[in-house]
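1. Starting from these lines, generate the structure:
(one chain, ligands or ions: 1)
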Amino acid sequence: MEALLALAERVFGSIEVEHTRWRLRSMPALSAFTAWDGDRMVGFKVGYAATARRYYSWLGGVDPDVRRVGIGVALMERQHRWAEEAGFELVETEVAQNNHAMQQLNERSGFVAAGIRFDQEVPRVIYRKRLAASLEN
Ligand SMILES: CC(C)(COP(=O)(O)OP(=O)(O)OC[C@H]1O[C@@H](n2cnc3c(N)ncnc32)[C@H](O)[C@@H]1OP(=O)(O)O)[C@@H](O)C(=O)NCCC(=O)NCCS
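-> Sure thing, here's the model as predicted:
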């Protein structure tokens, strides 16, 4: 957890450490996938159950030194495979409207924009992706 918090601070500049730690410890069906370069964590992807069927992909980032080599997409694929195997039908995420990199990554990974939510007047795009298990039903 400490390595993840340190990388999150590096990726986002600052984070609410205690709130992030609380969510990491407390949310249901929490999963955390990480990427390593030797003993250095260079990427993470964390999510948790929003409902029994809907998985919320909450937080992810890649060390600025190793971007654009496929770590972000690999972590996302791993998370979605896990969520599907765990029985979730839908993955949901949201991203600031000006975060072009994450939007591109989401859309390339099968997410569809489903709406906008304002967080303290900052627009965030809500993305949803149906997992294969639900498409077969
Ligand atoms: C978004 C982020 C996770 C991408 O990680 P990454 O490992 O560099 O991404 P990948 O190398 O797997 O890229 C996969 C695809 O995403 C898209 N993408 C990634 N970075 C991009 C950028 N800066 N601009 C445009 N598209 C981008 C591209 O489609 C890319 O495929 P390509 O390289 O073949 O063109 C990384 O930029 C990051 O940590 N950003 C800051 C944290 C953040 O915003 N997190 C999301 C909010 S929780």
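
2. Tell me where this structure has strands.
-> For the chain, the strands identified by DSSP state E occupy 31-37, 40-49, 54-62, 90-96, 112-119, 122-130, in order along the chain.

3. quick one: buried residues of the longest one?
-> Right, the one you point to is strand 40-49. Taking 16 or more other C-beta atoms under 10 Å as the neighbour-count basis, strand 40-49 is seen to contain the buried residues Met41, Val42, Gly43, Phe44, Lys45, Val46, Gly47, Tyr48, Ala49. Heads up, the C-betas are built off the backbone N, CA and C, glycines and all.

4. From the ligand, how far out is the fourth one?
-> As for Phe44, its distance to the ligand is 9 Å (criterion: C-beta to the nearest ligand atom, to the nearest Å).

5. Hmm, that residue is touching Thr34, no?
-> Yes - between Phe44 and Thr34 there is a contact under C-beta atoms under 8 Å: 4.9 Å.

6. how many neighbours does the residue in the chain that the ligand sits nearest to have?
-> Closest approach between the chain and the ligand, counting by C-beta to the nearest ligand atom: Gly72, at 2.6 Å. As a burial measure, Gly72 scores 23 neighbours (other C-beta atoms under 10 Å).

7. how much space between it and Trp22?
-> For Gly72, the distance to Trp22 (C-beta to C-beta, to the nearest Å) stands at 25 Å.

8. which residues does Val56 bridge with?
-> Quick fix: residue 56 reads Tyr, not Val. For Tyr56, the beta-bridge partners are Tyr48, Glu92 (DSSP bridges).

9. quick revisit: single out the most deeply packed of the strands of the chain.
-> With neighbours taken as mean count of other C-beta atoms under 10 Å, the strands of the chain reach their highest mean count in strand 54-62, at a mean of 22.

10. close to the ligand, is it?
-> Yes - with C-beta under 6 Å from any ligand atom as the measure, strand 54-62 is seen reaching the ligand through Leu59, Gly60, Gly61, Val62.

11. out of these, which one sits closest to Ala132?
-> For the residues of strand 54-62 next to the ligand, the minimum distance to Ala132 (C-beta to C-beta) is 20.9 Å, reached by Gly60.
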